[in-house]
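1. Need coordinates for the below:
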Amino acid sequence: EEFVMVRPMQRNKFLNNSAAVVRELQAEISSVITGGGILLFFEKRLQAKDDFGEASKLFVRTSRANAEKAKQMVQSRVETFEANTIKMTVSTHCVPAILGKGGETINSLRKEGTGADIDMDKVSGIIQIHADDEETRNAVKTAIEKIVSENQVKKVEIEKSMIGLVLGELGKDMRKEVSDLGATLSVDPSDRYLVVKGTDDQIEEGAGIVQTFIECNYTEEFEIHSDDHGILLQGGSDSVLRKAETDNDVKVNIRKTSNMLIVRGRKDNVEAALVEIKRFLYGGDGFAVYKLKVPEGLLGVVIGKGGSNISKLESDHDGLTIQANGETSVLCIRGPQDKVNECRSQVICQLASSKITENVLVTSDQHYTLSQQDTLKKLMYTTGASLALTETFVKIRGTTADVRDAKAMLQEHLTGRYEQTIELDPSQLNRVRAASKDPSHFKRIQDATGTEVSLDTASSAILISGKRSSVKKAKTFVLGFLDFLLPSEFSKVKVAKPLLKLVADATELAKIAAESGASISLDRDLNAILVRSANSENVGKAVALLDKRMKECEELVYVERFDHSDSWLFPIIIGKGGATVQNLQKDYGCSINVSKEELTVAISGDNAESVDKTKEAFHQIIEKARKECVFIDLPESAMAAFIGKGGSNIRQLATDHGVDIERMRKEPTRIQIKGDELPVEGAREAVSLWLLEWEQQHEGISFKIEESTIPSILGPKGSVITAIQNDHDIKVDIDRRLLTVSVRGGQKDDREKAVKKIQKIANEHIARVAEQEELRLKEAAEAAAARIAEARARKENGQHIQKQLPEKQDDKKDRTKEFAAIPVGLTVVENKSSKAKKTKIKKKPAANVETLTGASNAGQSLFNMLVADNTPTATGQVVSPFESSPPTLVDEQWDSSTVSSAANSSGSENEIENMETPVTQDKISYYKSASGFSVRL
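-> Numbering: from 1, shown residues only. Just a heads-up that it's a prediction; the model follows:
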């Protein structure tokens with residue numbers, strides 16, 4: 001068995017017509033050889049494995065004697081076939097043309113070249129032509145070469161975005177022009193080229209036509225704001241877009257669904273047109289664009305009836321284009337820089353002086369509540385807005401900021417929910433909106449403050465709602481977030497509260513906004529002026545102007561601060577129905593702001609002279625009030641003698657001088673004398689004379705003390721001071737306002753001994769506090785040193801690397817080592833019944849140092865401080881909490897939810913005496929001190 005290699009085309013020839021050529025060749029060889037038969041067959045090939053384009057083996061099976069002869073005859077037939085075969089290679093892009101539709105062209109070639117076989121590899125472009133007749137072979141070759149010459153290809157590079165343009169309506173004329181040349185146009189599968197097919201001349205000319213079309217239809221597109229659609233098309237043939245088309249020989253269209261502006265033409269022209277359009281939209285090169293968010297309800301004021309106000313502004317400021325969008329309440333001013341600045345200032349000042357009205361619906365219950373309270377009056381005083389209550393709503397009128405704050409405060413009163421916004425410029429809104437796609441930014445603020453924070457794109461603002469105190473806190477967080485996201489585009493200018501009303505005058509803020517180009521708003525929650533602008537230079541300029549404004553206002557504002565003891569003056573200062581304040585304001589032209597909460601009166605005016613005159617008149621009112629109302633402090637031990645039996649002495653004194661004398665309820669050692677100036681002065685002198693005589697009859701010693709020592713001097717429920725009085729038969733008066741102690745009565749020696757005891761208690765208290773503070777500082781320093789040493793040790797041991805590894809989200813953080821083994825906390829002991837049972841308390845082991853052996857030094861120090869009662873001994877000596885009156889050790893169930901000691905104040909004064917037997921099930925020991933703290937161990 002021998003074999004001969006046969007190419008695919010010849011193999012097919014051998015196997016056609018049921019292998020007629022093979023049978024013929026077998027018969028020819030059989031007639032030549034002698035003895036035995038012969039078998040010719042091709043190797044069997046697997047379609048999945050073998051490449052049908054490769055040569056295959058033709059096996060020759062015969063007797064050994066005839067093998068060589070038979071193989072030579074087969075080889076001769078194969079070589080003859082190869083000699084009558086022409087091989088040519090064409091470009092693969094010509095293959096479809098040679099094949100024709102459904103093989104029509106190649107079949108036609110086979111018919112024209114009778115007896116010719118044509119085989120073509122589509123992948124490589126190799127064509128084999130076999131024919132016994134050389135003329136036939138050459139004729140087929142010539143026909144194929146003609147097809148190739150007519151199907152030459154030239155590729156023209158194109159942007160993918162332009163393919164639709166070429167194949168669409170706009171490219172119709174260009175495609176026809178190419179077709180008229182006899183060439184065809186198609187798109188390369190890569191979408192990177194246009195393919196021109198035809199003769200060399202046709203493709204050269206066709207490619208030129210395509211290239212010219214591409215160059216003349218260079219396209220740029222960019223996103224515009226939906227608000228800008230109308231302004232770009234406004235004016236018809238004289239619009240900005242039509243002018244850009246005419247000046248630059250381009251085509252400009254707006255795709256409204258995607259807010260895309262498309263410019264088409266030669267590249268240089270397109271770029272020039274884009275510069276012109278962007279300059280109009282965003283400003284530059286002496287052309288300015290200013291967008292102003294107009295408060296709701298004021299846009300109509302700017303527009304005017306039928307747009308009359310806008311038309312007037314445009315005519316007054318030549319070259320301006322003003323656009324007002326009713327849906328977004330945004331006013332856009334475009335034109336020369338100086339004209340825009342003038343118009344902007346005019347509009348801002350107009351808005352600042354304009355007032356808006358808003359109605360807040362109320363239910364019948366809310367209406368009744370508001371009608372019975374002075375809530376609306378307080379809101380008017382706080383915000384400066386005017387509020388009027390009707391049957392179904394509250395009407396609020398005032399400037400934008402005043403109405404906004406009044407509405408928020410009213411809604412809080414009605415619903416318990418306070419809502420505020422932080423406004424953003426349009427360009428800032430886009431960046432904040434992109435950042436807020438990550439919800440973690442706002443979620444962190446919400447979790448930290450307990451508020452709801454969201455982005456309101458319709459009003460171009462960040463919305464914050466919740467309790468007012470939480471909203472204030474959230475505002476600070478949001479401003480920090482904005483400062484990080486929009487550096488130098490936000491600024492918060494703090495203003496002293498007495499200056500806030502004067503500094504935040506709407507007209508003055510409008511002037512600063514107009515001059516600086518920044519947006520400025522008043523934030524009463526933060527006592528600040530908020531400044532924002534996409535241009536950091538504008539922000540800096542506005543801040544500088546505000547600082548200047550504050551310095552000017554400081555010279556025009558006088559603030560008088562009062563002590564709590566002088567709070568009685570405020571009704572006199574205000575006058576009945578505010579008459580006194582109103583008269584001062586009317587007479588001197590100044591503004592007077594009275595704050596009972598902060599105990600301040602602020603006087604502000606337009607000039608220093610009017611402020612000085614108002615201040616002088618104000619001081620005259622105060623001086624007169626002080627002369628007509630006098631307070632005198634009497635020793636507690638003298639009060640009974642002064643009042644007399646059944647109040648006879650005090651009534652007689654009041655009658656004699658024609659005044660009213662009253663003992664103060666909140667301060668029982670103080671009396672008040674009211675009346676006309678001269679009678680009051682006479683009564684005061686009489687009281688002073690009586691007091692002098694009393695003090696001469698009741699000799700005493702007085703000395704100063706520190707306020708912090710008073711609890712130690714008094715002792716629990718006054719036990720210490722009572723013991724001192726009883727031991728020495730004296731009377732001790734403590735004046736908490738003047739911080740003095742007076743010891744009267746008894747013998748001189750007894751008074752001096754009592755004074756020494758009291759001073760000793762006070763000095764020991766001061767020394768103990770100083771010692772505790774020194775110990776605390778020492779322990780804090782030791783703890784800090786220990787942490788540093790531990791950190792160094794971890795670093796040396798390489799443990800810090802493990803700490804830096806991120807925690808798996810699915811794993812819970814191990815917090816077991818973050819807290820002390822023996823926790824120290826607070827609890828509240830509550831009486832479960834209104835009337836406690838009086839039962840004897842079982843004695844418990846006294847607290848001692850051994851109890852806290854396992855605690856840290858800091859823990860022991862904190863424990864000692866919390867449970868210390870400072871209870872003096874019978875001799876008045878103060879000892880440590882573990883040496884005298886140890887805190888009671890109580891067994892009770894621990895309630896981890898109660899962590900405030902303040903609630904203990906609601907209990908009975910005899911709580912310890914009336915305490916029921918402690919619970920014994922699931923007991924946890926804690927120490928209860930007389931000061932109200934309970935410390936769990």
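2. chain center to the helix or strand containing Val755: distance?
-> Using DSSP states H and E, Val755 falls within helix 748-797. Between the mean C-alpha point of helix 748-797 and the mean C-alpha point of its chain there is a distance of 44 Å (C-alpha atoms, centre = their mean, to the nearest Å).
3. What ranges in the stretch 351-500 of the chain fall below the confidence cut-off?
-> Regions of the stretch 351-500 of the chain meeting the criterion pLDDT under 70 are absent.
4. hey, where'd the strands end up in it?
-> 356-361, 386-389, 393-398, 418-423, 452-456, 461-466, 490-494 (DSSP state E, counting those that start in this stretch).
5. Buried residues, the first one. List them.
-> Meaning strand 356-361. With burial defined by 16 or more other C-beta atoms under 10 Å, the residues of strand 356-361 counted as buried are Ile356, Glu358. Glycine gets a C-beta too; all of them are placed from N, C-alpha and C.
6. what does that strand contact?
-> Identification of contacts with strand 356-361 by C-beta atoms under 8 Å, 6 or more residues apart in numbering yields 295-298, 392-400, 403, 407, 410-411, 414.
7. CA atoms of that strand as CSV?
-> Extracted in CSV, the C-alpha atoms of strand 356-361 (Å, rounded to 0.1, in the frame of the first residue of the first chain):
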residue,chain,number,x,y,z
ILE,A,356,-44.3,87.5,50.2
THR,A,357,-47.3,85.9,51.7
GLU,A,358,-47.8,82.2,52.6
ASN,A,359,-50.8,80.5,54.3
VAL,A,360,-50.4,77.5,56.6
LEU,A,361,-53.6,75.5,57.0
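8. contacting residues around the spatially most central residue of the chain?
-> Per C-alpha atoms, centre = their mean, the C-alpha nearest to the average position across the chain is that of Val478, at 4.1 Å. Taking C-beta under 8 Å, 6+ apart as the definition of contact, the neighbours of Val478 are Ile422, Ile445, Val453, Ile462, Ile464.
9. repeat that with 10 Å
-> 420, 422, 432, 441-442, 445, 449, 451, 453, 462, 464, 471, 490 (C-beta atoms under 10 Å, 6 or more residues apart in numbering).
10. same question, Ala55
-> With contacts defined as C-beta under 10 Å, 6+ apart, Ala55 is in contact with Val4, Met5, Val6, Arg7, Pro8, Gln10, Arg11.
11. Drop anything exposed from these.
-> Listed as buried from the contacts of Ala55 are Val4, Val6, Arg7, Pro8, Gln10, Arg11; burial here means 16+ other C-beta under 10 Å.
12. Next, the buried residues of whichever strand or helix holds the last one.
-> Secondary structure assignment for Arg11, by DSSP H and E: helix 8-32. By neighbour count, with 16+ other C-beta under 10 Å as the criterion, the buried positions of helix 8-32 are Pro8, Met9, Gln10, Arg11, Lys13, Phe14, Val21, Val22, Leu25, Gln26, Ile29.
13. can you check stretch 650-660 too?
-> Buried-residue list, stretch 650-660, by 16+ other C-beta under 10 Å: Ile650, Leu653, Ala654, His657, Val659.
14. quick one: which of those is nearest Val289?
-> Looking at the buried residues of stretch 650-660 and their distance to Val289, the nearest is Val659, at 72.9 Å (C-beta to C-beta).
15. That closest one and Pro571, how far apart?
-> Using C-beta to C-beta, to the nearest Å, one gets 19 Å for the distance from Val659 to Pro571.
16. now for the helix or strand harbouring Val263, which elements pack on it?
-> In this structure, Val263 sits in strand 260-265 according to DSSP H and E. In terms of contacts (3 or more C-beta pairs under 10 Å, 6 or more residues apart in numbering; DSSP states H and E), strand 260-265 is packed against helix 200-216, strand 218-223, helix 228-233, helix 240-248, strand 251-255, helix 267-282.
17. Same list, the ones you listed, but as CSV with mean neighbour count and distance to Arg549 please.
-> What follows is those, written out as CSV (neighbours: other C-beta atoms under 10 Å; distance: least, C-beta to C-beta, whole Å):
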stretch, mean neighbour count, distance to Arg549
helix 200-216, 18, 58
strand 218-223, 15, 39
helix 228-233, 16, 35
helix 240-248, 18, 39
strand 251-255, 17, 44
helix 267-282, 18, 31
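18. I'd like a version of those in TSV, one that adds mean pLDDT and distance to Lys494 as further columns.
-> Written out in TSV, the entries for the helices and strands packed on strand 260-265 read as follows (pLDDT from 0 to 100; distance: least, C-beta to C-beta, whole Å):
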stretch	mean pLDDT	distance to Lys494
helix 200-216	89	60
strand 218-223	86	39
helix 228-233	83	38
helix 240-248	89	44
strand 251-255	89	46
helix 267-282	89	33
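19. could these be laid out in a markdown table, adding distance to Phe618?
-> Listed next are these as a markdown table, based on distance: least, C-beta to C-beta, whole Å:
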| stretch | distance to Phe618 |
| --- | --- |
| helix 200-216 | 81 |
| strand 218-223 | 61 |
| helix 228-233 | 55 |
| helix 240-248 | 61 |
| strand 251-255 | 65 |
| helix 267-282 | 54 |
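20. circling back: and the two most separated of the contacts of Ala55?
-> Put simply, by C-beta to C-beta the two of those set farthest apart are Val4 and Pro8, 14.2 Å from each other.
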